[in-house]
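# Please work out how this folds:
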Amino acid sequence: MEMRENWLRAIDARTSRRTYREEKIDQQKAWQIQLLVNECNAEGGLNILFIEDGASLFNSFKSSYGMFSGVQSYFAMVGDKAMPCLMEKIGYYGELLVLECTDSGLGTCWVAGTYNKEECKKQLHLKDEEELICVIPVGYVKQEKSLKEKAISLSGRKTKKFEVFIAPSTGLPDWAVKGVEAVMKAPSAINKQPARFAYKTGAVKATVENLNSIQAVDLGIAKAHFELGAWGAGSKGKWIQQDGDSVFQ
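Numbers count the residues shown, from 1 in each chain. As a prediction, the model looks like this:
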């Protein structure tokens, strides 16, 4: 999928939002979002669902979604259980959707472990071979965060230093530097920022400690940010799977 200037621009604007206005997404915006969902599904082999009328689903999970309010719409991040690198793909394409929504003036938040997945799967009528990895609420938010959101932000992460993310951390081409700088602004589960990168002879390898956990989604998100940052610096590189590794070259 070709990178877009508005996605790169949205990296700085994106922030996790939990308090939404009880207002349906404008149909023009909803149509544009659905087009991008279709593109992501076609390229990634996924079955991401854009649920415009999702208020009842969220309201039914009061104990799980206690930190959210006003949700009207969401993305159900779905794919085939047998697909290689499923969670990485969910993270990669899901973050492109998040950035598109951010640029459209909508709020989002990755939700991986604090919802009733089995009940959600039933209500979405998923096939036996499909897996719901996570959900992403999306909708209109107030410009200023609520007191609840501010409190959560204050208790959140401080971005790790540049040299933690990539080795070596010096002597890098500009595109690799910009790629890592974009990764430093990426969301991740419980703000752990697990993605790590290694540069060697014009290529970058990305990894996390545990690819069989939600860290694989974090890796996909980080790969999307890295590719956008590198693209903004003039790189024409793409992520490929090479001997089981994610390599950007």
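# Name the residue most distant from the centre of the protein?
What lies farthest from the middle of the chain is residue 171; by CA atoms, centre = their mean that is 29.3 Å.
# Domain map for the protein?
Domain ranges of the chain: 5-150, 157-248, per automatic domain parsing.
# gap between the two ends of the first one?
What that stands for is domain 5-150. One end of domain 5-150 to the other measures 29 Å (CA to CA, to the nearest Å).
# Give me the number of neighbouring residues for residue 40.
22 (other CB atoms under 10 Å). C-beta here means a position set from N, CA and C on the backbone, and glycine is covered the same way.
# oh sorry, the question was meant for residue 54
Residue 54 is flanked by 23 other residues according to other CB under 10 Å.
# nearest spatial neighbour of it, skipping sequence neighbours?
residue 74 (4.7 Å; CB to CB, 6 or more residues apart in numbering).
# tell me the SS of the one you found?
Using DSSP: H, G, I helix; E, B strand; the rest coil, the structure places residue 74 in strand.
# circling back: out of the domains of the chain, which gets the lowest mean score?
Among these, domain 5-150 has the lowest mean pLDDT, at a mean of 90.
# How far does that domain sit from its chain's centre?
9 Å (CA atoms, centre = their mean, to the nearest Å).
# returning to what we had before: for the residue nearest to residue 54, give the beta-bridge partners.
With DSSP bridges as the criterion, residue 74 is bridged to residue 51, residue 137.
# Contacts only, for it.
51, 54, 57-58, 135-138 (CB atoms under 8 Å, 6 or more residues apart in numbering).
# do residue 218 as well
Residue 218 makes contact with 91, 186, 188-189, 192-195, 208 under the criterion CB under 8 Å, 6+ apart.
# what's it sitting at in phi/psi?
When read as degrees, to the nearest 10, the backbone of residue 218 gives phi -60, psi -40.
# Next, the residues that contact stretch 186-199 from outside, please.
Here stretch 186-199 makes contact (CB under 8 Å, 6+ apart) with 11, 14, 16, 95, 98, 110, 112-113, 156-157, 159-160, 164-168, 172, 176, 179-180, 183-184, 204-209, 214-215, 217-219, 221-226.
# make it 7 Å
By CB atoms under 7 Å, 6 or more residues apart in numbering, the list of residues contacting stretch 186-199 from outside reads 16, 110, 112, 156-157, 160, 165-168, 172, 176, 180, 183, 204-209, 214-215, 218-219, 221-222, 225.
# in this protein, which spans are strands?
Taking DSSP state E, the strands of the chain run over residues 49-51, 73-80, 107-108, 130-139, 166-167, 196-200, 203-207, 239-242, 245-248.
# highest average neighbour count across the ones you listed?
strand 107-108 (a mean of 26; mean count of other CB atoms under 10 Å).
# other SSEs contacting it?
With contacts taken as 3 or more CB pairs under 7 Å, 6 or more residues apart in numbering; DSSP states H and E, strand 107-108 sits against helix 86-103, strand 130-139.
# quick one: the longest one to strand 203-207, angle?
What that stands for is helix 86-103. 100 degrees (axes from the mean of the first three to the mean of the last three CA atoms, to 10 degrees).
# possible to save the strands of the chain as CSV with distance to residue 121?
CSV is the format used below for the strands of the chain (distance: least, CB to CB, whole Å):
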stretch, distance to residue 121
strand 49-51, 11
strand 73-80, 9
strand 107-108, 21
strand 130-139, 5
strand 166-167, 37
strand 196-200, 32
strand 203-207, 29
strand 239-242, 28
strand 245-248, 28
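# To residue 118, which of these lies closest?
strand 130-139 (8.9 Å; CB to CB).
# Any chance you could give me that closest one in CSV, C-alpha atoms only?
What follows is strand 130-139, C-alpha atoms only, in CSV (Å, rounded to 0.1, in the frame of the first residue of the first chain):
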residue,chain,number,x,y,z
GLU,A,130,-11.9,-16.1,12.0
GLU,A,131,-10.2,-14.6,15.0
LEU,A,132,-11.0,-11.2,16.6
ILE,A,133,-7.7,-9.8,17.8
CYS,A,134,-8.8,-6.5,19.2
VAL,A,135,-11.1,-3.5,18.6
ILE,A,136,-10.5,0.2,18.0
PRO,A,137,-13.3,2.6,19.0
VAL,A,138,-13.5,5.5,16.6
GLY,A,139,-15.6,8.7,16.7
